[in-house]
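Trainee: Only the shape, not the letters, is given here:
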């Protein structure tokens with residue numbers, strides 16, 4: 001079951017996502033499960049509108065930043081919510 005202490009936060013995030021979705025604005029929502037301190041590896045998985053398969057539940061803050069900088073210049077995921085994580089087989 002869903003943790004009760006996270007319900008209000010999750011509902012707020014859903015409302016924000018829905019508002020952006022119906023706005024028609026060009027936007028990309030980056031959704032890492034858990035960001036941890038670590039080096040930039042440039043070895044991460046991204047998937048539009050879903051969490052990437054064969055991935056951990058974590059990604060480094062630096063890799064999220066790397067993706068955001070790339071997305072700003074490449075615009076590959078406009079109007080999408082992007083899941084991002086390190087691959088399962090990546091060394092810790």
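Mentor: Sure, I can see it. Given the structure is predicted, the values throughout are model-derived calculations rather than measurements. Numbers count the residues shown, from 1 in each chain.
Trainee: Next, find the distance separating residue 71 from residue 7.
Mentor: Per C-beta to C-beta, to the nearest Å, residue 71 is found 30 Å from residue 7. Using the backbone N, CA and C atoms, a C-beta is placed for each residue, glycine as well.
Trainee: which residues of the chain fall in strands?
Mentor: 28-32, 35-36, 45-48, 59-60, 80-85 (DSSP state E).
Trainee: what about the lowest-mean-pLDDT helix or strand in the chain, distance to the chain center?
Mentor: Every helix and strand of the chain was ranked by mean pLDDT, DSSP states H and E. The lowest is helix 7-23, at a mean of 91. Relative to its parent chain, helix 7-23 has a centroid offset of 15 Å by C-alpha atoms, centre = their mean, to the nearest Å.
Trainee: Tell me what angle that helix forms with strand 80-85.
Mentor: Helix 7-23 and strand 80-85 meet at an angle of 130 degrees, taking axes from the mean of the first three to the mean of the last three C-alpha atoms, to 10 degrees as the criterion.
Trainee: List of residues touching helix 7-23?
Mentor: Helix 7-23 is contacted by residues 2, 27, 29, 81 when judged by C-beta atoms under 8 Å, 6 or more residues apart in numbering.
Trainee: cool, stretch 38-55 as well?
Mentor: With C-beta under 8 Å, 6+ apart, stretch 38-55 has contacts from 31, 33, 59-63, 65-67, 77, 80-90.
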